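Novice: Fold the following for me, if possible:
(chains A and B)
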Amino acid sequence: MSFNRIREKLSILADAAKYDVSCASSGGKRSNHHRGLGNNTGMGICHSYTEDGRCVSLLKILLTNHCIYDCAYCVTRKSNDIKRAAFKIQEVVDITINFYRRNYIEGLFLSSGIFKNSDYTMERLVAVAKKLRLEEKFNGYIHLKSIPGTSDELMREAGLYADRLSVNIEIPTISGLKLLAPDKKHEDFIKPMEKVKNEIIKYKSEQKIIKSTPRYAPAGQSTQMIIGATGESDRDIMCSAAYYYKKFNMRRVYYSGYIPVLMDDRLPSLGTAVPVLRENRLYQTDWLLRFYGFSVQEILNDSHKNLDLDIDPKLGWALRNLNLFPIDINTADKKILARVPGIGMQSVYKILQARKFRNLDWTHLKAIGISLNRAQYFITCNSREFYTGELSPIALKNKILKTSKSKYNNYFNQQLSLFS
Amino acid sequence: MHPQTILLYDGSFDGFLSTVFLIYEQKIKHPIIRNKSFPNNQLFTVTHDVITEEHKAKRVWVGFTAKTTSNEQQDFFKAFLSEIKGVENTLLCYLQNIFLRSPSAKNIDFSNKNILKISQVAKMVSREKHRMEAFVRFQLTKDNIYVAIIEPDFNVLPLIMNHFKDRYADQRWLIYDIKRAYGMYYDLTTIDTVQLDFFSKVNSKISSENLAPNEQQFQELWHTYFKNVNIKSRKNTKLHLQHIPRRYWKYLTEKNKI
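Specialist: Residues are numbered from 1 along each chain as shown, chains lettered A, B, ... in the order given. Got it, this is the predicted structure:
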């Protein structure tokens, strides 16, 4: 193969794929059979990090950036004047294998612009995965994009070779989608998701009876939403995320702060800052929903439509529910412990283990590693000294902010200096 | 003041366990366990060389495994591999705690400072292990061996070798720890420990005439890829450095000019 041409294609098609934030290589356990190449431990490994701090774990590329659609938010939209390129199937296979053997990557994340029609595109994505699995005996991670509108038969085949499948809904609300991607239909996004979900359930139940049933998309499916492109509230976003988690058994919903790449009256102007902090707060909320036993309504509701940017969502929730605190570290049950600001699940585990031996005091808690600067106002322990709760929520918030050092301090200082 | 006894062992895990055996056998009070290869400059102490004896080491290990879960055993070994100065003594205190605990005890006492310390050190070693699983960069040599050089903070090579054996079962590879001057070589069937003269701290590069014909081109492709997935408007150097501290850059293909 000609390395110069490949390099040029790689630069175009990696550049176009980078706005897809999904990078997970975990959750799809696959062992190395018959001395083939590669395995997947189920843990996921980030092999490198770009200068923007995002992890590089998969070879994330488009098969082509030719596209028949004209979605306003997308850099490869039809009307955008950019260099176009397309990989041959064998080229993608060769790069993947050679990168993998050098321990650069965990596997392949293959997406594509849509050329001709959905099925024609999806067929080629599946062909790459099939070649990797059957000809190269490759057991690494493969993430394929489900092209909206693909036929059920192709979706079924895709799941047999891929670890994860994903459709990006991109715009959290249906009205936003109509505005920015008039050629795409909401149902086209839903259809492949529904198919994948049903196949996963079907294959899993068959596996219980016949052990040799092949596995179908063992790492499940995920989706992505763009944040800050259409003026939706955090509540809209999280309700929508909760819906996808529940309805389609999503493994992950990703939130991607909108990066202005194009001039368009319907979108924030070029030069608008990427809402990284908001993105971070949404991820924190996502974690609270998935691991900490919170429901969306507790964190975001009619009277509280957006997350606080200056404090984390758990602290925000606790300040609105001061009547539930303080709790006693030495007796409270696991669910309640997990709700205390400044205590993560690791610390919850350590507290539960350690308190079987003795009543814990502040020194123990500090050594275990909880963030006392926040937690101290919400807990009591084996000590006579503790916060007695005389401050109002706002005063308490200010007190905590004053004593804590956020990595986002600069962000706020810059914000303030705009008005001074 | 108590008279201290300094026990020197050969640096191996069995050597350390033999030392523990000796401490129990001879009821040594206030022992200090030291690796023989580290300099000792303390005056007025009794020093004692410990002979590594496998059957004694095994007895300690069997006693330990009878009272612990496999997670605790792994943490114990990981903490040992940290090679942090004085970790042997923390491990000894930890062992003494374990041997005193009733066989039915299922919980881990994270409010005990030695137990907490071991779990924290094991966590540090785990992180380094995970980093090395990520940061190993193989270069294909002309004799068809994938070679990588590493310089990890802790002695994690024994922890990562099985990962690479499982993953790259059909290629011959060598991972060489330049700091500790030994490596692991996989020849498609077994892994052997090797010591090589031509790698040293001053000579840690594989010269280009020893590389396979296409190797540099694939490295360039990787460079191209790495450069193009970066989103400039999201530049975040602090986060970048947090994930890949500078000390790891030396052996990362994407962080070096070809």
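
Novice: Tell me which helix or strand the residue nearest to B:Met161 when sequence neighbours are not counted sits in.
Specialist: The shortest distance from B:Met161 to any non-neighbouring residue, by CB to CB, 6 or more residues apart in numbering or on different chains, is to B:Met184 (4.9 Å). Where you see a C-beta, it was placed from the backbone N, CA and C, and this is true even at glycine. B:Met184 belongs to strand B:182-186 when assigned by DSSP states H and E.

Novice: what's that strand packed up against?
Specialist: Other elements packing on strand B:182-186 under the criterion 3 or more CB pairs under 8 Å, 6 or more residues apart in numbering or on different chains; DSSP states H and E are helix B:157-167, strand B:173-177, strand B:191-194.

Novice: hey, which of these is tucked in deepest?
Specialist: Of all the helices and strands packed on strand B:182-186, strand B:173-177 carries the top mean neighbour count, a mean of 21, counting by mean count of other CB atoms under 10 Å in any protein chain shown.

Novice: what about that one and chain A, any contact?
Specialist: No - using CB under 8 Å from any CB of the partner chain, strand B:173-177 never reaches chain A; the gap is at least 9.0 Å.

Novice: Identify the residues contacting that strand?
Specialist: Contact with strand B:173-177 is made by B:136, B:138, B:145-152, B:155, B:157, B:160-161, B:164, B:182-186, B:194, B:196, B:199, as judged by CB atoms under 8 Å, 6 or more residues apart in numbering or on different chains.

Novice: That one: partners in the sheet, and parallel or antiparallel?
Specialist: strand B:146-150 (parallel), strand B:182-186 (antiparallel) (DSSP bridges).

Novice: Report the angle between that strand and helix B:157-167.
Specialist: 160 degrees (axes from the mean of the first three to the mean of the last three CA atoms, to 10 degrees).

Novice: Can you check the pLDDT for the residue nearest to B:Gln74 when sequence neighbours are not counted?
Specialist: Among residues not flanking B:Gln74 along the chain, B:Ala122 sits closest, at 7.4 Å (CB to CB, 6+ apart). Here the pLDDT value assigned to B:Ala122 is 96.

Novice: how near is B:Ala122 to B:Ile84?
Specialist: 11 Å (CB to CB, to the nearest Å).

Novice: what about these two, which has more around it?
Specialist: Neighbours of B:Ala122 and B:Ile84, each counted by other CB atoms under 10 Å in any protein chain shown, are more numerous for B:Ala122; the result is 21 against 16.

Novice: so that one sits in a helix?
Specialist: Yes - counting by DSSP: H, G, I helix; E, B strand; the rest coil, B:Ala122 is found in a helix.

Novice: Do I have it right that it meets B:Lys78?
Specialist: Yes - counting by CB atoms under 8 Å, B:Lys78 is a contact partner of B:Ala122 at 4.2 Å.

Novice: How about the contacts made by the residue of the stretch 101-250 of chain B found nearest chain A?
Specialist: In the stretch 101-250 of chain B, no residue comes nearer to chain A than B:Leu239, which is 3.0 Å away by CB to the nearest CB. Residues counted as contacts of B:Leu239 (CB under 8 Å, 6+ apart) are A:Tyr49, A:Asp52, A:Gly53.
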